[in-house]
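Engineer: Can you look at this prediction? I've put the sequence above it.
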Amino acid sequence: MNLSELQRFLANLPKTETHLHIEGALPWELLQEKDPGRFSSTPHFRTSDFRYDSFEQFESILIEHAMCWFDSVESYYEAAKVMFAKHLDQNVKYVETSFHAGMIEFLKLPGEEILNAILDAVPDGLEVRVFLGISRNAYTPYLGPLIEKAITEWDKLSGIDLHGLESLPLESWVIPFWAKAKASGKILKAHAGEFGPASNIKEAVEKLKVQRIQHGTRAVEDESVMELLIEKDVTLDMCPISNYKLKVIDKWEDHPIKNFVNRGIRCTVSTDDPLSFNNSLIDEYCTLYEKLSFSFSDIADLIANGFRVSDIDGKKKEYYLAQIAQQVAQVNLVDG
């Protein structure tokens, strides 16, 4: 089996995206349409061989470009509409995306209106769950009361996701806030173990009670953390191209996703911030095939994991998993 056959195989599989920042997924063509003089050519950071020198460089470039677009509730709707159309083109059936709570304060926009605008952009054939991305130091006098209201009164908000620099400690409000969100029926996520140590993953699982870790790459550095992930049935929503571009790993063979899979740790694969990395879901899976020797069956199981942890109707979940199994069986039959 070769790369072109993998691409055809992937095209036939229903897929999910479970780790996606909407500000970081701003479609480049929207910037080109808004200011063709400034954004007509491909910038250096979107070329295939570019790697960021630091998280700060990445964040600075992302914010610079995202803020050229996001300035209103309508801008979120327009970006989400194009973004979700790209998902449909890749046969994606389910998406979990977050918008950054800090934008509520910076732009002085009603957060629930942003949430509703994103959901209004969802096309037929796609299910979307929206999360509020909350930085470790987000509880300002302005934003604190608003995010408290979000977890108790925004019925369409699916969950919350801890964002921000991992070097910052958990402030005193974080643990009770995550507990309150859980009591309100929200799905709990946390970015951990990307630039921070494996102990951050342990902290998120044990203190915040999350079942979904965004990245979790550095769990490989601590055997006890990997055992904890298995024991607590925690899923790692991983973004391999992001990890490479941000130098979370030095070289591709250092990426731990295959180690995690072999250990029985559930992983999914997503794009993280395609504005910054110029990547697609198809690119992610093809990279796993080319760089880490994932088989078609291995890739299909990663894709199936996205549905296994999805917040969708049980019968629909079974339907998509059956579709994946059928495609794998057909490939095995041909290969055999």
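Structural biologist: Cool, got the structure.
Engineer: and stretch 152-165, how far from the chain's centre?
Structural biologist: Relative to its chain's centre, stretch 152-165 lies at 14 Å (Cα atoms, centre = their mean, to the nearest Å).
Engineer: would you put the C-alpha positions of that stretch in CSV?
Structural biologist: Output of stretch 152-165 as CSV, limited to C-alpha atoms (Å, rounded to 0.1, in the frame of the first residue of the first chain):
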residue,chain,number,x,y,z
THR,A,152,-24.1,27.5,34.5
GLU,A,153,-26.2,29.4,32.0
TRP,A,154,-24.9,28.7,28.4
ASP,A,155,-26.9,25.6,27.6
LYS,A,156,-25.2,25.2,24.2
LEU,A,157,-21.7,25.2,25.6
SER,A,158,-20.4,21.7,25.6
GLY,A,159,-17.4,22.1,27.9
ILE,A,160,-14.3,23.9,29.0
ASP,A,161,-10.6,23.6,28.1
LEU,A,162,-7.6,24.8,30.2
HIS,A,163,-5.4,27.0,28.0
GLY,A,164,-2.3,29.1,28.5
LEU,A,165,1.3,28.8,29.5
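Engineer: what's that stretch in contact with?
Structural biologist: Stretch 152-165 is contacted by residues 55, 96, 98, 100, 111-112, 115-116, 119, 129-138, 150-151, 174, 178, 180-181, 184, 186-192, 195, 204, 208, 210, 214, 311 when judged by Cβ atoms under 8 Å, 6 or more residues apart in numbering. Yep, even glycine has a C-beta here, placed from its N, CA and C like the rest.
Engineer: now swap in stretch 133-150 and tell me
Structural biologist: Under Cβ under 8 Å, 6+ apart, the answer for stretch 133-150 is 21, 98-102, 104-105, 111-112, 132, 157, 160-165, 168-171, 173-174, 177, 180.
Engineer: and if you look at stretch 181-190?
Structural biologist: Under Cβ under 8 Å, 6+ apart, the answer for stretch 181-190 is 129, 131, 151-152, 157-162, 178, 204, 208-214, 237, 311.
Engineer: which of the residues you listed are buried?
Structural biologist: Buried subset of the contacts of stretch 181-190 (neighbour count, 16 or more other Cβ atoms under 10 Å): 129, 131, 151, 157-162, 178, 204, 208, 210-214, 237.
Engineer: Got the confidence number for Val331?
Structural biologist: Looking at Val331, its pLDDT stands at 79.
Engineer: element containing it?
Structural biologist: helix 314-335 (DSSP states H and E).
Engineer: quick one: buried residues of that helix?
Structural biologist: For helix 314-335, a neighbour-count test (16+ other Cβ under 10 Å) marks 317, 320, 323-324, 327-328, 331 as buried.
Engineer: cool, and stretch 256-272?
Structural biologist: Using 16+ other Cβ under 10 Å as the burial criterion, the residues of stretch 256-272 that qualify are 256-257, 260-261, 265-272.
Engineer: Can you verify my assumption that Ser167 contacts Gly196?
Structural biologist: Yes - counting by Cβ atoms under 8 Å, Gly196 is a contact partner of Ser167 at 6.7 Å.
Engineer: between the two, which one's more packed in?
Structural biologist: Gly196 (18 against 10; other Cβ atoms under 10 Å).
Engineer: Tell me, how many residues neighbour the closest residue in space to the more buried one that isn't next to it in sequence?
Structural biologist: Distances taken as Cβ to Cβ, 6 or more residues apart in numbering place Glu166 nearest to Gly196, at 2.8 Å, with adjacent residues excluded. Neighbour count of Glu166, defined by other Cβ under 10 Å: 23.
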